[in-house]
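Q: I need the structure of the sequence given here:
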Amino acid sequence: MDYVQVHTPEEISAVIEPQFPETDLETITTIVTRYYDQDTWKSNLIFEQSSFDLLQDILESAGELEERVPYDDLVTTQFAAIAAQ
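A: Residues are numbered from 1 along each chain as shown. Okay, here's the model as predicted:
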C-alpha cells in the first residue's frame, strides 16, 4: 500500500510485470493506470463502504455482478483497524 501511494503507474507496472508473464508491459500499465485513476489503492487500509460500493458499481457495469451484497454482510474491518495502529 505504501509503495503504490508514492510511485507512478509506470513504476508500479514495471515492478509487477514478472507476475504476469503472459501480459505485455503496455497492457499492465493500462490496467494499473485505470486502478490509479479510480483511486483503487487507498492509503487507509479500512475498506470503507464507499469503496465497496464503487467496486460493486464497477463489477456491475462490466456485467460481472449478478446481485449486490450488503457491505456489513461481506466486509470485516477489525483486522485492518488493528494493523493500522
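
Q: C-alpha from now on. contacts and neighbour counts both.
A: OK.

Q: Could you find the closest non-adjacent residue to the residue nearest the centre of the chain?
A: Centroid check for the chain by C-alpha atoms, centre = their mean gives residue 40 as the closest residue, at 4.0 Å. Nearest residue to residue 40, sequence neighbours excluded (C-alpha to C-alpha, 6 or more residues apart in numbering): residue 51, at 7.9 Å.

Q: how far away is the one you found from residue 66?
A: The spacing between residue 51 and residue 66, counted by C-alpha to C-alpha, to the nearest Å, is 19 Å.

Q: ok, back up a step: can you check what pLDDT the model gives the residue nearest to residue 40?
A: Model confidence at residue 51, given as pLDDT, is 87.

Q: That one: helix or strand, and which one exactly?
A: helix 49-61 (DSSP states H and E).

Q: Surely residue 17 is in contact with residue 25?
A: Yes. Residue 17 lies in contact with residue 25 (C-alpha atoms under 8 Å); the separation is 6.4 Å.

Q: before we move on, back to that, neighbouring contacts of the helix holding residue 51?
A: Helix 49-61 has contacts (C-alpha atoms under 8 Å, 6 or more residues apart in numbering) with 40, 65-66, 68, 71.

Q: Widest-spaced pair of these?
A: Across these, no pair lies farther apart than 40 and 66, at 21.7 Å, counting by C-alpha to C-alpha.

Q: Have a look at this protein and report the helix or strand with the lowest mean pLDDT.
A: helix 78-84 (a mean of 85; mean pLDDT, DSSP states H and E).

Q: Give me the contact list for that one.
A: With contacts defined as C-alpha under 8 Å, 6+ apart, helix 78-84 is touched by 45-46.

Q: for it, which positions count as buried?
A: When burial is assessed from 16 or more other C-alpha atoms under 10 Å, helix 78-84 yields no buried residues.

Q: Repeat that for stretch 45-59.
A: 46, 51-52, 56.

Q: Would you reformat these as a markdown table and include distance to residue 76?
A: As requested, the buried residues of stretch 45-59 are exported to a markdown table (distance: C-alpha to C-alpha, whole Å):
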| residue | distance to residue 76 |
| --- | --- |
| 46 | 9 |
| 51 | 13 |
| 52 | 12 |
| 56 | 16 |
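
Q: If we only consider those residues, which is nearest to residue 13?
A: Ranked by distance to residue 13 (C-alpha to C-alpha), the buried residues of stretch 45-59 are led by residue 51 at 22.5 Å.
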